[in-house]
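Chemist: no sequence on hand, only this structure:
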Ligand code: BEZ
């Protein structure tokens, strides 16, 4: 059955460009992002891995460990990384999993046979320190993902894991957030010292608590 939000991220042991990795052990207490791309030496994938490499410092700041995966073998990854670094002006320093036997692809349901029998789609999973799946996105091969959006979601996930808040549409780190429905307005006024703006009884804003 396909994975859903809140499920435990399946563990696995694989070969990567950074050596053998046991997934859960590798993540430790950090957050994780596991994302598939259809194939090495393809244009959209080259830009996606390049963009991720350019954002590595942002992922690091948020204590997020990134792992890419494709069904291509390790030697192919190694050559392709040189091309990514050259063309995208970056240094890929996150592990790329070699999954020629489709072990990871199978566990995470990354092959959608009606899209392609052989290649993975563009799946992306954000995994919390509790190893639960917090976000799943799936894009087709023809559309590159927006990794700035992935960072934005990580910011929301990390904030909402810590405080009783939710983030509104198009929210960006530093902007006002929404008081969780589970918190009464009276409680909210005590909890959120910066104030609560009650627009409707169910729509209450407060400044981002950790800013
Ligand atoms: C690409 O990365 O450009 C790509 C990969 C597989 C199928 C189509 C496009």
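Modeler: Everything's here; your move. As the structure is a prediction and not an experimental result, all values here were calculated from the model. Numbers count the residues shown, from 1 in each chain.

Chemist: what average pLDDT does stretch 76-85 get?
Modeler: In this model, stretch 76-85 carries a mean pLDDT of 98.

Chemist: equivalent analysis for stretch 117-133, please.
Modeler: The model assigns stretch 117-133 a mean pLDDT of 98.

Chemist: buried residues, that stretch. List them.
Modeler: Neighbour counts over stretch 117-133 (16 or more other C-beta atoms under 10 Å) mark 119, 120, 121, 122, 123, 124, 125, 126, 127, 128, 133 as buried. C-beta: built from backbone N, CA, C; applies to glycine.

Chemist: residue boundaries of the helices in this structure?
Modeler: Assigned by DSSP state H, the chain shows helices spanning 23-27, 43-54, 56-61, 74-88, 103-107, 147-162, 185-191.

Chemist: just the buried residues of stretch 117-133 now: which is nearest the ligand?
Modeler: Among the buried residues of stretch 117-133, residue 119 lies closest to the ligand (C-beta to the nearest ligand atom), at 5.9 Å.

Chemist: tell me who's in contact with the closest one.
Modeler: Listed by C-beta atoms under 8 Å, 6 or more residues apart in numbering, the contact partners of residue 119 are 38, 39, 70, 71, 111, 141.

Chemist: same question, residue 72
Modeler: 39, 40, 80, 98, 100.

Chemist: report pLDDT for it.
Modeler: 97.

Chemist: how much space between it and residue 137?
Modeler: Residue 72 sits 22 Å away from residue 137, taking C-beta to C-beta, to the nearest Å as the criterion.

Chemist: how far away is residue 190 from residue 183?
Modeler: With C-beta to C-beta as the criterion, residue 190 and residue 183 are 10 Å apart.

Chemist: which one's more surrounded, those two?
Modeler: Taking neighbours as other C-beta atoms under 10 Å, residue 190 and residue 183 compare with residue 183 leading, 19 against 10.

Chemist: is the ligand contacted by stretch 37-52?
Modeler: Yes. Stretch 37-52 reaches the ligand (C-beta under 6 Å from any ligand atom) through 38, 39, 42, 43, 44, 45.

Chemist: tell me the buried residues within those residues.
Modeler: 38, 39, 42, 44, 45.

Chemist: ok, now which ones touch the second one?
Modeler: Contacts of residue 39 were listed using C-beta under 8 Å, 6+ apart, and they are 45, 70, 71, 72, 119.

Chemist: need phi/psi at residue 193.
Modeler: phi -60, psi -20 (degrees, to the nearest 10).

Chemist: can you give me the neighbour number for it?
Modeler: 10.

Chemist: look up how far the ligand lies from it.
Modeler: 48 Å (C-beta to the nearest ligand atom, to the nearest Å).

Chemist: do residue 53 as well
Modeler: On the measure of C-beta to the nearest ligand atom, residue 53 and the ligand end up 16 Å apart.

Chemist: ditto for residue 163
Modeler: 38 Å.
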